[in-house]
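[1] Below are the sequence and a predicted model for it; my questions follow.
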Amino acid sequence: MLVTVEALAVGHEIEPLVKQMSLEKMRQPLMSGSNPIHYDTDFARRVGLQAPIATGVMSSAYLSEMLTRSFGIEWLRSGIIDVKFIRPIYAGDTVTARGRVTAKTPTSTGIRVFLDIWCETQRGEPVTVGTASVVMH
């Protein structure tokens, strides 16, 4: 659901996005980078992981999808994102992308809205954290 700049008070949380991290999605060449740690269960276990881990591209894409749903074309025109990957996301995890408004600043073309953004698993652990901003008109 698209939001308006007037509705975005500091502290406002935008609509979250929930995704299931499936091995089927993780096996796609674009998502795996051809590295078996991202799609081969036996290989992942041999290197000490409980299951294959998702690439950062996947959680970044979920955050961008959430921001696109909230800000529409404005996100595509003026969006800036900066994230860090702090914990692995395993095959089978449920990932929730979230965002919270931290500031609003006037610009020559509109209002730049700043957000803290993150992905967390069903365990409540943050796995990807960062910031984003978008100019709203």
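    Looks like it arrived, so ask away. Keep in mind it's a predicted model, so treat the numbers as computed, not measured.

[2] can you pull the buried residues of the helix or strand bottoming out on mean pLDDT in the chain?
    Least confident helix or strand, the chain: helix 29-32 with a mean of 76, by mean pLDDT, DSSP states H and E. Neighbour-count burial for helix 29-32 flags 31-32 (criterion: 16 or more other C-beta atoms under 10 Å). Where C-beta positions appear, they are placed from N, C-alpha and C, glycine not excepted.

[3] in what helix or strand does the closest residue in space to Glu13 that isn't next to it in sequence lie?
    Sequence neighbours aside, Arg100 is the residue nearest to Glu13 in space, at 5.0 Å (criterion: C-beta to C-beta, 6 or more residues apart in numbering). For Arg100, the host element (DSSP states H and E) is strand 94-106.

[4] tell me what that strand is packed against?
    When contacts are defined as 3 or more C-beta pairs under 8 Å, 6 or more residues apart in numbering; DSSP states H and E, strand 94-106 packs onto strand 17-20, helix 56-71, strand 111-121, strand 126-136.

[5] To Val83, which of those lies closest?
    Proximity to Val83 (C-beta to C-beta) singles out strand 126-136 among the helices and strands packed on strand 94-106, at 3.3 Å.

[6] Kindly point out the strands partnered with the closest one and how each is oriented relative to it.
    strand 80-85 (antiparallel), strand 111-121 (antiparallel) (DSSP bridges).

[7] which ones are touching Trp75?
    64, 67-68, 134 (C-beta atoms under 8 Å, 6 or more residues apart in numbering).

[8] at 7 Å instead, please
    Residues in contact with Trp75 (C-beta atoms under 7 Å, 6 or more residues apart in numbering) are 67-68, 134.

[9] now swap in Gly33 and tell me
    Per C-beta under 7 Å, 6+ apart, neighbours of Gly33: Thr55.

[10] how far away is it from Met58?
    To Met58, Gly33 is 11 Å away according to C-beta to C-beta, to the nearest Å.

[11] same check, this time on Pro88
    Applying C-beta to C-beta to Pro88 and Met58 gives a distance of 11 Å.
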